[in-house]
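Q: Structure for the following, please:
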Amino acid sequence: MRRAAALFALALAAGCGGTPAETATEPSTQAQGVEHRKEAELATCMKGKGFKYVAFVAKGRKLSEQRKAANSGDHAAMQAERGKYGFGHFSLYVYPKDFDSPMYKPDNPEIDPNWAIQTSLSEQQYKAYNTALDACYASAIKKITGKTVKSSMDYYEQADKTKTQVKARELDGDPALTEKAATMADCLKGKGYRVPKANPTALATRGWEETRAQVEHLGKTDDVDDSKLPEGQFYEPTLTPAQARPYLTKEIKAALDDLECGKDFYAAYLPKEQEIDGKVNDEYGLS
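A: Presented below is the predicted three-dimensional model:
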């Protein structure tokens, strides 16, 4: 069975900016509070609709000192992370246990118990369950945050859209960042890399998106029909660690070249990006 991966979900997990170190954030107390209230509301609402739902909030993630340093744009920390993980794509296959996602860590005790509940349902029951869950999620979010959403996916998409808008306004509109981005773009072009856009937000995600496109391409094979998948999803390629290693080697080189050219850019860009992500996460109660 081929596993379908959501581009949107993976983008959130990886931050669209690079390795786990450069994009991970620790949840704030405010966001965790919203998460606990939301889960309690969901459990009550789902019970009222005749379905079992377990209120579950994963333990807050604590970042290592190296990851915190990478978040701040520290060159040595970023170099260490990229030297192993590249942009954070093919390393998922080579070092699956290094990633927090239960997709790649099946023995993780932090797996949401509601996944087991959903997988035990028949197709008809599953559809009814998700319809009820969407309605309960919308009700809980409206009650807690005042925001109007249709489902959990809609909620995350709204948060992601807000982050994109704020970053475009504040980061792409920053003259100092724009100047550093132009210098980085020239350096990358000099090394033979394609640079479709040189604005700060586009440049920060360029390598991540280019490698993601390669992963998506590998997942498109003649024996798999992905035309029926929901928009924004694709089948992940089936790669063993040994098969993925050559791809990761190339990815690491590209990621280190990107970092070499963007040393000054990332030192200025990443702290500002992290600040924006934190504020929007608090606004939406994302932990």
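
Q: OK, contacts around the residue nearest to Lys197 when sequence neighbours are not counted?
A: Setting aside the residues directly before and after it, Lys197 is nearest to Leu203 in space (Cβ to Cβ, 6 or more residues apart in numbering), at 7.1 Å. The way it works is simple: take the backbone N, C-alpha and C, and place the C-beta from them, glycine included. Shown in contact with Leu203 (Cβ atoms under 8 Å, 6 or more residues apart in numbering): 181, 184-185, 195, 197, 262, 265.

Q: For the stretch 1-150 of the chain, just list every one of the strands.
A: 4-6 (DSSP state E, counting those that start in this stretch).

Q: Low-confidence ranges, it, go.
A: Within the stretch 1-150 of the chain, the segments meeting pLDDT under 70 span 1-27, 60-63, 100-110.

Q: can you do 80?
A: Along the stretch 1-150 of the chain, segments meeting pLDDT under 80 span 1-32, 58-64, 67, 99-111.

Q: circling back: check the secondary structure at the residue nearest to Lys197 for me.
A: Under DSSP: H, G, I helix; E, B strand; the rest coil, Leu203 falls in the helix class.

Q: any idea how far it is from Glu209?
A: Note on Leu203: its distance to Glu209, by Cβ to Cβ, to the nearest Å, is 11 Å.

Q: hey, where'd the helices end up in the protein?
A: Taking DSSP state H, the helices of the chain run over residues 7-14, 20-23, 29-48, 65-71, 75-85, 91-94, 113-119, 123-145, 152-170, 175-190, 200-219, 241-261, 263-284.

Q: now those in a markdown table, with distance to Val57?
A: Below are the helices of the chain laid out as a markdown table (distance: least, Cβ to Cβ, whole Å):
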| stretch | distance to Val57 |
| --- | --- |
| helix 7-14 | 17 |
| helix 20-23 | 21 |
| helix 29-48 | 5 |
| helix 65-71 | 21 |
| helix 75-85 | 27 |
| helix 91-94 | 25 |
| helix 113-119 | 12 |
| helix 123-145 | 13 |
| helix 152-170 | 14 |
| helix 175-190 | 35 |
| helix 200-219 | 28 |
| helix 241-261 | 32 |
| helix 263-284 | 15 |
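
Q: Looking at those, spot the one closest to Val54.
A: Val54 sits nearest to helix 113-119 of all those, at 4.7 Å, using Cβ to Cβ.

Q: And that closest one, what's buried?
A: Neighbour-count burial for helix 113-119 flags Asn114 (criterion: 16 or more other Cβ atoms under 10 Å).

Q: Could you list every helix and strand that it packs against?
A: Counting contacts by 3 or more Cβ pairs under 8 Å, 6 or more residues apart in numbering; DSSP states H and E, helix 113-119 packs against helix 123-145.

Q: 10 Å instead, please
A: Helix 113-119 makes packing contacts with helix 29-48, helix 123-145 when contacts are defined by 3 or more Cβ pairs under 10 Å, 6 or more residues apart in numbering; DSSP states H and E.

Q: ok so, going back, can you tell me which of the contacts of Leu203 is nearest Ser152?
A: Distance to Ser152, by Cβ to Cβ, is smallest for Lys197 among these, at 31.0 Å.

Q: what's the spacing between the closest one and Ala168?
A: In terms of Cβ to Cβ, Lys197 sits 12 Å off from Ala168.

Q: Ala168 contacts Thr205, doesn't it?
A: No - if you go by Cβ atoms under 10 Å, Ala168 and Thr205 don't touch, sitting 12.0 Å apart.
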